[in-house]
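Novice: sharing a sequence plus its predicted fold:
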Amino acid sequence: MADIRVQAHDFDIGAETAKLSAARTDIGGIASFVGLVRGTASGRPILSMTLEHYPGMTERAMVAIGLEATRRFDLQGCTLIHRVGTLQPGEAIVLVLAAAPHRQSALDGCAFLIDWLKTSAPFWKKEQFQDGSEAWVDARETDDVAISKWTNPGA
Amino acid sequence: MADIRVQAHDFDIGAETAKLSAARTDIGGIASFVGLVRGTASGRPILSMTLEHYPGMTERAMVAIGLEATRRFDLQGCTLIHRVGTLQPGEAIVLVLAAAPHRQSALDGCAFLIDWLKTSAPFWKKEQFQDGSEAWVDARETDDVAISKWTNPGA
Amino acid sequence: MKILYFAWLRERVGTGEEDVTLPDGVETVADLTAWLRTRSPGHEAAFSAGRLVRAAVNQDFAAPDARVANGDEVAFFPPVTGG
Amino acid sequence: MKILYFAWLRERVGTGEEDVTLPDGVETVADLTAWLRTRSPGHEAAFSAGRLVRAAVNQDFAAPDARVANGDEVAFFPPVTGG
């Protein structure tokens, strides 16, 4: 049960949490992560950020990782919503919810999913600056380290 | 900046998330955990659960741990809400929110805070069963293990 | 001294709060526990249950050898089960 | 074969999508890259940037030695930066 969306409009974490747990009493906890657009990039103020994705591949990959997380962390459900288009500083970019009978599974499932979205989901960010210039964001090496926690458990 | 509440009424994760990030653009992510009342205890259906706390000590301890988490994980803010009184299966018991410039701090801060609330905050749960009996919940050893991750980083 | 009881300790003692004046010789949490259990069958049932009881002195967790004095607020309760 | 470009590759090539027919001898993602960059100065700029380019074949990430054939959907893009 992975609920996957790529959308331009904002999401409502309260409604999504309620939806994930509706009409059931076997969930012990829901861990979540909301990513927000920060107002600066490398110390430089940004006006906005534009997110692009690979329609088709992105959704397929999100469904696959949602199922993998569900199996791996015994999740009772998860929700992944990623926005695309132009966003202002302070706006939400991404939401991950992971529901499980016990908190550690929910927390681990949520961390796994947001690490994966940051490092392996086909999205690209471009930042618009106040002087009118814009630049594609470079992938961060620390993100590759974060996902390697999950792929190389012995590392 | 730790926002601490012990209350009988429900909370709204959407409103709390918005409050934590209101009027600022320096937050990169907000990690959260919502604990829910499960419908069974050791496989036995429950009718309800009653939570009791130590007024005064509980709030003091929550403020202190909120400040410790803020310092330790470089949080930009955190929210801890714990409900008391009688709750039905499926209802929310506890909310933790942790805001940080980067996701790992937010995720770690949130996990630390919920582990602490489960193992060290002065709350006690009693479960009411369908046959009219009730029983205080015993502390779980796995919870002591969870908190020892944070107190013995080398373990 | 104000004594508070929570959860099943409160139920066994029969009250959540009582005011006591410490007799001579009661200087630690352990001394206080030993003295309190002589006060009534309910106290005896609460403290002799063979189950773990924790204490707080002035709203901080306290070990059995922690000092207590008149004017303190001392609480007794089972291991916590919140969250 | 449908070729897709994303992010700065799309901007340099000048289009997000093109249909091509593979010439003989183009059998892998690496072959395809080498051939595509001969198609226009924009393609050359996209693939010779000295920056890491990743590929997907039929919507799965693919290494340079992955096989390609007419009928496949092949995409080129920079390392991802979502979340």
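Specialist: Okay, I see it. No experiment lies behind these values; they were computed from the predicted model shown.
Novice: list the contacts for the residue in chain C that chain A sits nearest to?
Specialist: Closest to chain A within chain C is residue C:83: 7.8 Å, counting by C-beta to the nearest C-beta. The C-beta positions use only the backbone N, C-alpha and C, and glycine is treated the same way. The contact partners of residue C:83, by C-beta atoms under 8 Å, 6 or more residues apart in numbering or on different chains, come to A:103, B:35, B:82, B:93-94, B:114, B:117-119, B:121, B:123.
Novice: tell me the pLDDT at the residue of chain C found nearest chain D?
Specialist: Closest contact between chain C and chain D, by C-beta to the nearest C-beta, is at residue C:83 (28.1 Å). Here, the pLDDT recorded for residue C:83 equals 91.
Novice: go on, residue C:32?
Specialist: 97.
Novice: what separates the helix or strand that contains it from the chain centre, distance-wise?
Specialist: If you go by DSSP states H and E, residue C:32 is part of helix C:29-36. For helix C:29-36, the separation from the chain centroid amounts to 7 Å (computed by C-alpha atoms, centre = their mean, to the nearest Å).
Novice: just the buried positions in that helix, please.
Specialist: Using 16 or more other C-beta atoms under 10 Å in any protein chain shown as the test for burial, helix C:29-36 gives C:29, C:31-33, C:36.
Novice: how about stretch A:17-33?
Specialist: A:17, A:20-21, A:25, A:27-33.
Novice: just to revisit the earlier point, got a winner among the contacts of residue C:83 for most neighbours?
Specialist: residue B:114 (28 neighbours; other C-beta atoms under 10 Å in any protein chain shown).
Novice: from chain A, how far off is that one?
Specialist: 6 Å (C-beta to the nearest C-beta, to the nearest Å).
Novice: is the helix or strand encompassing that residue in proximity to chain C?
Specialist: Using DSSP H and E, residue B:114 sits in helix B:103-120. Yes - counting by C-beta under 8 Å from any C-beta of the partner chain, chain C is contacted by helix B:103-120 at B:114, B:117-120.
Novice: and the helices in the chain?
Specialist: Picked chain A for this. Assigned helices in chain A, in chain order: A:13-21, A:57-72, A:103-120, A:141-151 (criterion: DSSP state H).
Novice: I was after chain C.
Specialist: Going by DSSP H, chain C shows helices at C:7-13, C:29-36, C:41-47.
Novice: export those to TSV and tack on distance to residue B:65?
Specialist: Below are the helices of chain C laid out as TSV (distance: least, C-beta to C-beta, whole Å):
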stretch	distance to residue B:65
helix C:7-13	21
helix C:29-36	23
helix C:41-47	28
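Novice: using TSV, please lay out the ones you listed together with distance to chain D.
Specialist: Shown next, in TSV, are the helices of chain C (distance: least, C-beta to the nearest C-beta, whole Å):
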stretch	distance to chain D
helix C:7-13	43
helix C:29-36	50
helix C:41-47	52
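Novice: right, and those - which one's nearest residue C:71?
Specialist: helix C:29-36 (13.4 Å; C-beta to C-beta).
Novice: can you name the residues of chain A sitting close to chain D?
Specialist: A:35, A:51-54, A:56-57, A:60-61, A:82, A:93-94, A:114, A:117-126, A:136-140.
Novice: among those residues, which are in reach of chain B?
Specialist: A:35, A:114, A:118.
Novice: just these now: which is nearest residue C:25?
Specialist: Of those, the one sitting nearest to residue C:25 (C-beta to C-beta) turns out to be residue A:114, at 58.8 Å.
Novice: can I assume the closest one is in contact with residue A:95?
Specialist: No - Residue A:114 is not in contact with residue A:95 according to C-beta atoms under 8 Å; the separation is 9.4 Å.
Novice: please enumerate the shared neighbours of those two.
Specialist: Common neighbours of residue A:114 and residue A:95 (C-beta under 8 Å, 6+ apart) are A:33, A:35.
Novice: surely residue C:61 touches residue C:55?
Specialist: Yes - taking contacts as C-beta under 8 Å, residue C:61 lies within contact range of residue C:55: 7.5 Å.
Novice: what sits against the closest residue to chain D within chain A?
Specialist: Using C-beta to the nearest C-beta, residue A:123 is the residue of chain A that sits closest to chain D, at 2.7 Å. Residue A:123 sits next to A:51-53, A:58, A:82, A:84, A:117, D:80-83 when contact means C-beta under 8 Å, 6+ apart.
Novice: distance to residue C:9 for those residues - can I get that in CSV?
Specialist: Output for the contacts of residue A:123, formatted as CSV (distance: C-beta to C-beta, whole Å):
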residue, distance to residue C:9
A:51, 56
A:52, 61
A:53, 57
A:58, 56
A:82, 50
A:84, 56
A:117, 47
D:80, 56
D:81, 56
D:82, 52
D:83, 48
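Novice: and the pLDDT for the spatially most central residue of chain C?
Specialist: What sits nearest the mean C-alpha location of chain C, by C-alpha atoms, centre = their mean, is residue C:76, with 4.0 Å. Note for residue C:76: predicted pLDDT of 97.
Novice: so what's it up against?
Specialist: C:3-6, C:9, C:33, C:46-47, C:53-55.
Novice: and it, bridged to which residues?
Specialist: Residue C:76 forms beta bridges with residue C:5, residue C:55, as assigned by DSSP bridges.
Novice: what's the spacing between it and residue B:64?
Specialist: 21 Å (C-beta to C-beta, to the nearest Å).
Novice: the helix holding residue B:114 vs helix B:57-72, what angle?
Specialist: 150 degrees (axes from the mean of the first three to the mean of the last three C-alpha atoms, to 10 degrees).
Novice: where does pLDDT dip in chain A?
Specialist: A:141-148, A:150-155 (pLDDT under 70).
Novice: what parts of it come near chain B?
Specialist: Counting by C-beta under 8 Å from any C-beta, chain A sits next to chain B at A:12-15, A:17, A:21, A:24-40, A:89-90, A:101, A:103-104, A:106-107, A:110-111, A:114, A:118, A:146.
Novice: how about a cut-off of 6 Å?
Specialist: Contact residues, chain A versus chain B (C-beta under 6 Å from any C-beta of the partner chain): A:12-14, A:17, A:25, A:27-36, A:38-39, A:89-90, A:103, A:107, A:111, A:114.
Novice: got the contact list for stretch C:11-24?
Specialist: The contact list for stretch C:11-24 (C-beta atoms under 6 Å, 6 or more residues apart in numbering or on different chains) reads C:1-5, C:10, C:42-43, C:45-46, C:70.
Novice: so the residue located most distally from the centre of chain A versus residue B:118, what's the distance?
Specialist: Each residue of chain A has a distance to the centre, and by C-alpha atoms, centre = their mean the biggest one is for residue A:131: 29.5 Å. Distance of residue A:131 to residue B:118, computed by C-beta to C-beta: 49 Å.
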